[in-house]
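Q: Next input, structure requested:
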Amino acid sequence: MARLFGTDGVRGVANEELTPLLAMQLGQAGAYVLTKETNHKPTIMVGCDTRISGDMLANALMAGVCSVGANAVYVGVVPTPAVAYLTRKYKVDAGVVISASHNPVEFNGIKFFDGNGYKLPDAMEDEIEALINSDMDGVQFPTGSGVGKIKYRTDACEEYINHSIRSVNVDLSGMKIVVDCAEGASYYTSVEALKELGANVVAIHNMPDGTNINANCGSTHMQELCARVVYEKANLGIAFDGDADRMLAVDENGKLVDGDQIMSIIGNFMKQQGTLKKDMIVVTVMSNLGMTLMAQREGITLEQTKVGDRYVLERMQEVGANLGGEQSGHIIMLDRNTTGDGLLSALLLLEVLVKTGKPLSELASVMEVLPQALVNAKVPNHKKERYMEYPEIAAAIEELNAKFAGEGRVLIRPSGTEPKVRVMIEGKDQAMIEAEAKKLASLIQNTML
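A: The predicted structure is shown next:
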């Protein structure tokens, strides 16, 4: 049986793979495992993104929470980093976000934070999963006054906006910013925060209806934002994903600025200010080779880990770093929050723009993005970890590794959240690496179907 938890919680098609029954079981097991050491009636905060299935799953999960004697606080639609922050602020025992991040509307997910606002380690997720598989063996279900209750809060968005604004020291007056909210959880918080700091905000995709989240918009579909920034003659554009824990940018010329470049800009600024701990940035194996060259030139140490912002966070804690993230725009600034935070990343990037007086295109030139091709092979979810068991796939990968040795690299990995194997090739010739990546992805897809 495949592991229930992926790299970012439990994901699946809502009401098919991720059912209300499973959500209730996750509420029961999660509440029990996360709060069993407490000597008080525990409380778990629950928030969600704008998906139509969010209410269904949140209520099922909270029923499970209450059934094991814990209380739930429902804060409704808020960004993922808001739940992480408010879990700490209100000193509740754990937080849960109902979201499938950048995935299409039919998907949803459930991810947990501990009482300190950190995503759970694998061992704790395994404990929750084992409890579900054992049908909650050994758990006592209370009756009468021992059953938990649900409290509803409507102030979470304002609390998060205020926290985000306090985290930076910047006046955005005179700055025009186009913001793509992905029809997701940032539709209110990001726009209001930027306005309160004085920016002239042009908001797009900020009218969520429950079914349009991430639909040809947000950080996974940047074309419209790139064009709109040029049309509006804006200083820059900012795009969030569905749950607003990641952010990508667009410079004043309509050119994409990815997570590696954003970390390079913020990291170099922090180094100059003396606030980049150990002069180190923690990144994943997916980070562009151009970032490695930038770090060598600027005297920054890059610490690499496997893909997934939770693994970036774990390594940051191990080595004592305060900046890390992914090319996709998950950026963690541990001095200010415990998880990827799209709004905070945007505000820190804007702070660099204002304090240096430089346009984003000039700041982004600190790192040259080397040609990179990423192609997804759709495969059955239960097979995606086993691609190297197929001799023809293993032979093709070995041949590519030899071909690009010394002049690039080949990285193959199963997606942690989707039924896909991702093929990434870096090299000098964009056309050649794209052709090779498509060829290998096609082989993987056709062989593993």
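Q: Can you give me the domain assignment for this protein?
A: Listed by automatic domain parsing, the domain ranges of the chain are 10-154, 159-364, 372-448.
Q: Can you lay out those domains as CSV showing distance to Arg3?
A: Where C-beta positions appear, they are placed from N, C-alpha and C, glycine not excepted. Compiled in CSV, these are given as follows (distance: least, C-beta to C-beta, whole Å):
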stretch, distance to Arg3
domain 10-154, 7
domain 159-364, 13
domain 372-448, 9
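Q: Check these for me: which has the lowest mean pLDDT.
A: Ranked on mean pLDDT, the bottom entry among the domains of the chain is domain 372-448, at a mean of 90.
Q: quick one, strands of the stretch 201-350 of the chain?
A: 236-240, 247-250, 256-257, 280-284, 301-305, 323-325, 331-333 (DSSP state E, counting those that start in this stretch).
Q: Show me what counts as buried in the fourth one.
A: Residues of strand 280-284 classed as buried by neighbour count (16 or more other C-beta atoms under 10 Å): Met280, Ile281, Val282, Val283, Thr284.
Q: Where do the helices of the stretch 1-150 of the chain begin and end?
A: 20-35, 54-67, 80-89, 122-133 (DSSP state H, counting those that start in this stretch).
Q: Indicate which one of the strands of the stretch 201-350 of the chain is closest to Ser173.
A: strand 236-240 (15.2 Å; C-beta to C-beta).
Q: Could you export that closest one as CSV, CA atoms only?
A: Extracted C-alpha coordinates of strand 236-240, given in CSV (Å, rounded to 0.1, in the frame of the first residue of the first chain):
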residue,chain,number,x,y,z
LEU,A,236,6.6,44.5,-11.2
GLY,A,237,4.1,41.7,-10.9
ILE,A,238,3.6,39.1,-8.2
ALA,A,239,1.8,35.8,-8.5
PHE,A,240,0.7,33.4,-5.8
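Q: Pull the residues that contact it.
A: 79, 177-182, 184, 186, 190, 217-219, 222, 225-226, 228-229, 246-252, 342-343, 346, 350, 353, 360 (C-beta atoms under 8 Å, 6 or more residues apart in numbering).
Q: Check the residue nearest to Asp122 when sequence neighbours are not counted and give its pLDDT.
A: Distance criterion C-beta to C-beta, 6 or more residues apart in numbering; nearest residue to Asp122, sequence neighbours excluded, is Phe5 at 7.7 Å. Predicted confidence (pLDDT) for Phe5: 89.
Q: and the gap between Met24 and Glu303?
A: 39 Å (C-beta to C-beta, to the nearest Å).
Q: what's the answer for Gly76, then?
A: 37 Å.
Q: just to revisit the earlier point, how many neighbouring residues does the residue nearest to Asp122 have?
A: Neighbour count of Phe5, defined by other C-beta atoms under 10 Å: 21.
Q: That one: what's it in contact with?
A: So Phe5 contacts Asp122, Glu125, Asp126, Ile128, Glu129 (C-beta under 8 Å, 6+ apart).
Q: now these as JSON lines including distance to Thr87?
A: Output for those, formatted as JSON lines (distance: C-beta to C-beta, whole Å):
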{"residue": "Asp122", "distance to Thr87": "20"}
{"residue": "Glu125", "distance to Thr87": "17"}
{"residue": "Asp126", "distance to Thr87": "22"}
{"residue": "Ile128", "distance to Thr87": "17"}
{"residue": "Glu129", "distance to Thr87": "22"}
